[in-house]
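> would you be able to build a 3D model of this:
(2 chains)
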Amino acid sequence: MGERFLELKRKAFRIRLLKSILAAATAFFGCFGALALLSRYELLSIGRPLLWTISGAAFAAVWLVTFFLLRTSDRALAKRLDRRYGLQERVQTMLEYQNESDAIYELQRRDTEKALEKVSDQREAGQRLWVYALCLLLAAALFATSFVLRPAPEPPEEEVSAPFAITALQIAALEELVRYVNKSEMQSPYRENVAQAVTTLLQELKQATTEQERDAALSRAIGVIGTQTDASSAALELIDALWLCDSESAKLLAKALNYYDWPADAWETFDGQMADFRNTLVFTISPSEATLLFMTVGSHLMGAITQSGIPAEDGLCIALSRIAAANEENADGSHVYGLCTLSPLAELLWDADLQIELDETLAATSGALFTALSQHAANTGTGEYAITRICELFGHPVPKFERPHFREVSEEEEDGENAGEGVGGSVGGDAVFGSDDLVYDPIANEYVEYGTILERYAKLFRNWLDGNHTEQEKEAMEKYFDILKGGLKDEE
Amino acid sequence: MSHLEHNSVEIEKVKLFSEKVAKVKEELKKDVVGQGEVIDLVITAIVAGGNLLLEGVPGVGKTRLVRSLGKVLSLPFSRIQFTPDLMPSDVTGTNIVEKDADGRLVTKFRRGPIFANLVLADEINRATPKTQSAMLEVMQEHKVTVANTSYRIEEPFFVLATENPIEQDGTYPLPEAQMDRFMFKLIVGFPSAEELSAIVRMTQITMEETAEAVLDGESILEMRALAASVPVADDVLAYAVNLVSNTHPELDSSVASTKKYVKYGASPRAAQALITAAKVRALMNGRYNVSYEDVQELAYPVLRHRIKINYTAINDKLTVDGVIGMIVKETKKVR
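Got it, this is the predicted structure:
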């Protein structure tokens, strides 16, 4: 093999080495620059040490692969030289017959060496090197850009919070809740009070250092909001008062009002119950009985309004007062049959003027009652939503919201199958059916069915706890426990 | 003689090769005006030891070229004018009965005109196939067999045949087997106006060939041996083989042009002729190895009488050379 060919072979090796280094450097700069930019724009989260490691690995891998791929055998080099420099297959022939020693081969080798002398070193060295250099330049530019641009901030370390510590999400949710309450239709000052309670809760939770402190703050806030909700709902007291009336009609009215959370439905139910009321009157044919009934209902309504202790200016109170007043007015002597406040009875009595008057009164009352119920629904809904939301946010059990305590009418009762039977009561808003056993009523001084007296017992108990009991109730209670004690003695 | 000394002598011989070729060309040009490429190929075939078929219209100098060549090579030269009534024995010679010194009748072989180093078979396609076939053995094996006795022809031996492509009446196309014996088929074209003027002026002085002998039989054999030793790279050899293979339409590997335009392809002798002639061409060009270019250039004279184009090619107004050009273009070099 000729010296010139060996020289070119060594040159080819050097070029191969240079190219592989250029390619590896391109990979390093390109990889570093690209990853750094991705990290900069938060498309990738990668730290500087890892960035250097990955880029270094890319350098090594690309160098190895390129150095391997660019390897050239003597035969390939010979062919390339022949082709590139138009040597008419001199070099490959020389290579194939390098071990022959005859004159013709000697001449062929000399001829080839002579031809190879004309091969330009510069041209041979410069094959496609500019492509590698250009790629390196671009990669270096990318690399430099990644340094010029501000590096992405290191991702903040995740705060390891204690189980009781309030999270950013919870803070945001409570702040949103405050905004919601402030924008709600809840009446003032209940709205401000509820918002303040949530704000206070937020401050307390931020400062809470134990789980107990957190729970206490939650309980306090729920209590305050519950109080405000109850205070803003005059319907609750009215319903309680109506339920305690002896009049069945008043109870039906109370039951209708029980659905104050849904004003439209409530009104529909109320309207239905009023129709029942009218029907009851229709069958009370005797004018004297009707007069008495109307007066009783009117007085019971007024009594219930008074007993509920709610302000006279409350919308619901005003609406019901109008019903009561209408009943009272129609029961006086101005109309012979003025006791008939409702259309069926009016029709029965053939009094058209009375019919019109009563219908107008009832329509006006209905509108006022609807408006009043809407406000009560807004008050209660806002309060209860705030409580529910707080409980959900902190995994706190949602309290059972208090509902009027009166007897539920089961479907069976409504069908008339078991009318007058199946007595029971409700506790905390849930219907609980008691037994049919007789129990002693200390006030009436007689044994009555358990279910019929349960509500009265509940009210007595609440009054007792609040210290609002009367002397009569106190005596009745002492008598009741004496009897119980006596019963125990008897058993002994 | 040491190896180095031997090599020095050989190297000198190689260097003399080009000089000898140059001298032959120079002498031939004294009698033949123009036709430079034809002269090169004739010399190539002579050195390579191949027979030549010269095709051209009458008067373009075919016979003159061969006669002049005979003088330049200073070889015994004979000319056979092929005619329809020419018999094989008129070519090869025949046994005759004559009396010996004792007066007994004995058979004696009388040598025909084929027994020369350089034979001009003029208008070879005018002879009948039977007579043409008499040339087969001598062209391939350089021997003549008559009555079960073989007579070897002295080396070097060449047959240079001429044929006229125009006159079809009273001619017998050469059979394929005969054609295959010719290394090259050369087309002697009509001279240019300038060349024609030179020819006219030259022949006004004398019609005789003026070329002088510059080579002898021994030198030609030496040159042939030297050319045979020229190295060929494996890829170039493979290329020549592929080129010949690609002329066969029945082969799956052949190129598209072949499948479309070729009726039948060249024989293995074509590949042998290609490489042998390519070696001579390389030396004539002062190179000591065969290149792709040598093979490509020689593909035309080597293949044009060995492949038969089909009617599609004729319909597409393609010549044999045109189809060969397409095959050369489509045959891929080993890179």
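
> and the strands in the stretch 51-200 of chain A?
For the stretch 51-200 of chain A, strands defined by DSSP state E, counting those that start in this stretch do not occur.

> quick one: low-confidence parts of it?
Applying pLDDT under 70 to the stretch 51-200 of chain A flags residues A:121-127, A:150-163.

> and the closest residue to residue A:463 other than its chain neighbours, which helix or strand is it part of?
With sequence-adjacent residues excluded and distances taken as Cβ to Cβ, 6 or more residues apart in numbering or on different chains, residue A:463 is closest to residue A:469, at 4.7 Å. Heads up, the C-betas are built off the backbone N, CA and C, glycines and all. Using DSSP states H and E, residue A:469 falls within no helix or strand.

> isn't residue A:469 up against residue A:459?
No: under the criterion of Cβ atoms under 8 Å, residue A:469 is not in contact with residue A:459, lying 10.1 Å apart.

> quick one: residue A:119 from residue A:69, how far?
Look at residue A:119 and residue A:69: by Cβ to Cβ, to the nearest Å, they are 24 Å apart.

> which of those two has more residues huddled nearby?
Per other Cβ atoms under 10 Å in any protein chain shown, whichever of residue A:119 and residue A:69 has more neighbours is residue A:119, with 18 against 11.

> got a list of what that one touches?
Applying Cβ atoms under 8 Å, 6 or more residues apart in numbering or on different chains, we find residue A:119 in contact with A:4, A:8, A:81, A:85.

> how does it look with 10 Å?
Residues in contact with residue A:119 (Cβ atoms under 10 Å, 6 or more residues apart in numbering or on different chains) are A:4, A:5, A:7, A:8, A:11, A:81, A:84, A:85, A:87, A:91.

> same deal with residue B:332?
Applying Cβ under 10 Å, 6+ apart to residue B:332 gives the contacts B:239, B:242, B:246, B:255.

> helices - which of those land there?
Judged by DSSP state H, those include B:239, B:242 as members of helices.

> tell me the one of the contacts of residue B:332 nearest chain A?
In terms of Cβ to the nearest Cβ, no member of the contacts of residue B:332 lies closer to chain A than residue B:239, at 9.5 Å.

> how many other residues sit next to the closest one?
Taking other Cβ under 10 Å as the criterion, the count of residues near residue B:239 is 23.

> and the one 4 residues further on, by the same measure?
The tally of other residues near residue B:243 (other Cβ under 10 Å) stands at 26.

> quick check: mean pLDDT of whichever strand or helix holds residue A:15?
Per DSSP H and E, residue A:15 falls inside helix A:3-40. For helix A:3-40, mean pLDDT rounds to 84.

> hang on, the earlier thing: neighbour-wise, which one of the contacts of residue A:119 leads?
residue A:91 leads these on contacts (other Cβ under 10 Å) with 31 neighbours.

> and the residue of chain A found nearest chain B, how far is that from residue A:110?
Residue nearest to chain B within chain A (Cβ to the nearest Cβ): residue A:103, separated by 3.1 Å. Using Cβ to Cβ, residue A:103 is found at 10 Å from residue A:110.

> what do those two both touch?
B:11, B:288.

> and the residue lying closest to residue B:308 once chain neighbours are set aside, which of the three is it?
Nearest residue to residue B:308, sequence neighbours excluded (Cβ to Cβ, 6+ apart): residue B:263, at 4.3 Å. State at residue B:263, reduced to three classes by DSSP: H, G, I helix; E, B strand; the rest coil: strand.

> contact partners for residue B:263?
Contacts of residue B:263 (Cβ under 10 Å, 6+ apart): B:249, B:307, B:308, B:309, B:310, B:311, B:312, B:313.

> and of those, the nearest to chain A?
Minimum distance to chain A across these is 25.5 Å, recorded for residue B:307 (Cβ to the nearest Cβ).

> isn't the closest one right up against residue B:245?
No: the criterion here is Cβ atoms under 10 Å, and residue B:307 misses it with residue B:245 at 12.0 Å.
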